[in-house]
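Asker: Just a sequence and a predicted model for now, questions to come.
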Amino acid sequence: MLRLKRRLALSCLVPLLTVGVLADCATAGAVEPALKASVPTLSAQVQASSQSKSGPADHYAVLLHSQSLAKQREALREILDNPQKFVPRIQRSLRDYPRLLRTDPTAAKRAVYLSALVRDRSFPPIFVKSLAVPDVVDECEYACPVVFALTIFARFAGWKLPADLNSKLTTVEDLKEGIAYISHISLKVGSIEDVVQGPEVEKYREEFKGKTEEQLIQLAGPTTSSQETRMFAAIRLETLVSGSKNRISLYLLALNDFEDASGEYRNAVYQSIYRAEL
């Protein structure tokens, strides 16, 4: 369940967030010893590098593989200026998504996030076919790109859930709950304590005091070396975003997410994007 997973994720986010849950999380195997960054595969890096040296830039390859935020932003701008040119390549990536999760997870996720921005009507049927694939189901234990993208399509692009979806699948259950959840999102500005509590929250509450949305996006992004700071900045954003001016920058946070024990960073970015879309 969406809200149940949210509570579990918060209790197992990092030991410093909630006093008294470390032992339980460790026993359950829910806390990892360290946060792990998502990085492109070596082959992806070589591919992007070779393409950048021969003729015009391959904006699609750059967006899926580059670690440079500036290059990603430029590539995304080019793609969104002429989205139909890239629809066939996005379709191929979405069809390959289960396989790419194993071979090139960064490119797999970025293709999904890009599809949520381009919003071609051909994309959701491809996603639906993957909802029952074991690798996708496993990846969707917590917040996951496919459910996020379909939620965007359903709430903001006029896509309707097929009547024959298997409601016993956790991916389908989470999708339905996510769509319903957006109806209850308030754009009222809150505080970081609305989401997390613990001894470190006071530190970040003071650090983020007076910070603009743009400053928090920078802190939550890949140029910040501390993953803990990125995490708390993203959580603050999910209680702060109240407009669409930084919508693209929020999607770029998703493109540059990192793995934590419970997908809490990714979930916080999703919540911020939902608010911007509203």
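Answerer: That came through fine.

Asker: can you pull the buried residues of the strand or helix carrying residue 218?
Answerer: For residue 218, the host element (DSSP states H and E) is helix 213-220. In terms of neighbour count (16 or more other C-beta atoms under 10 Å), helix 213-220 has its buried residues at 213, 216, 217, 218, 219, 220. Backbone N, C-alpha and C define where each C-beta goes, glycine included.

Asker: Past that helix, which element shows up next along the chain?
Answerer: Next element after helix 213-220 (DSSP H and E): helix 227-237.

Asker: Now the element after that following helix, going C-ward?
Answerer: helix 247-255.

Asker: could you dump that following helix to PDB, C-alpha only?
Answerer: C-alpha atoms of helix 247-255 as PDB (Å, rounded to 0.1, in the frame of the first residue of the first chain):
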ATOM      1  CA  ARG A 247       9.200  21.500 -13.000                       C
ATOM      2  CA  ILE A 248      12.000  20.600 -15.400                       C
ATOM      3  CA  SER A 249      14.600  20.900 -12.700                       C
ATOM      4  CA  LEU A 250      12.600  18.600 -10.500                       C
ATOM      5  CA  TYR A 251      12.500  16.000 -13.300                       C
ATOM      6  CA  LEU A 252      16.300  16.300 -13.600                       C
ATOM      7  CA  LEU A 253      16.500  15.400  -9.900                       C
ATOM      8  CA  ALA A 254      14.700  12.200 -10.800                       C
ATOM      9  CA  LEU A 255      17.100  11.600 -13.600                       C
END
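
Asker: which residues are in contact with that helix?
Answerer: 63, 69, 72-73, 76, 109-110, 113, 116-117, 145, 148, 214, 217, 220-221, 234, 237, 241, 266, 269-270, 272-273, 276-277 (C-beta atoms under 8 Å, 6 or more residues apart in numbering).

Asker: where along the stretch 1-150 of the chain do the strands fall?
Answerer: Counting by DSSP state E, counting those that start in this stretch, the segments of the stretch 1-150 of the chain that form strands are 36-37.

Asker: where does it dip in pLDDT?
Answerer: Scanning the stretch 1-150 of the chain for pLDDT under 70 picks out 1-55.

Asker: Helices of that one, residue ranges please.
Answerer: 2-11, 22-28, 42-52, 59-65, 69-81, 87-95, 97-103, 105-118, 123-130, 134-139, 145-156 (DSSP state H, counting those that start in this stretch).

Asker: what's the burial count for the closest residue to residue 89 other than its chain neighbours?
Answerer: Spatial nearest neighbour of residue 89, chain neighbours left out: residue 60 (5.2 Å); criterion: C-beta to C-beta, 6 or more residues apart in numbering. As a burial measure, residue 60 scores 21 neighbours (other C-beta atoms under 10 Å).

Asker: Pull up the gap between residue 60 and residue 247, please.
Answerer: Computed as C-beta to C-beta, to the nearest Å, the residue 60 to residue 247 distance reads 21 Å.

Asker: for residue 197, same thing?
Answerer: Counting by C-beta to C-beta - residue 197 and residue 247 are separated by 29 Å.

Asker: which one among the buried residues of helix 213-220 gets closest to residue 128?
Answerer: residue 220 (30.7 Å; C-beta to C-beta).

Asker: Verify the stated contact: that closest one with residue 234.
Answerer: Yes - using C-beta atoms under 8 Å, residue 220 is in contact with residue 234, at 4.3 Å.

Asker: Now list whatever residues contact both of these two.
Answerer: Common contacts of residue 220 and residue 234 (C-beta under 8 Å, 6+ apart): 253, 269.

Asker: Which among the contacts of helix 247-255 count as buried?
Answerer: 63, 69, 72, 76, 109-110, 113, 116-117, 145, 148, 217, 220-221, 234, 237, 241, 266, 269-270, 272-273, 276-277.

Asker: From residue 61, how far off is the residue lying closest to residue 115 once chain neighbours are set aside?
Answerer: Once flanking residues are discounted, residue 115 sits nearest to residue 123: 4.6 Å by C-beta to C-beta, 6+ apart. Residue 123 sits 19 Å away from residue 61, going by C-beta to C-beta.
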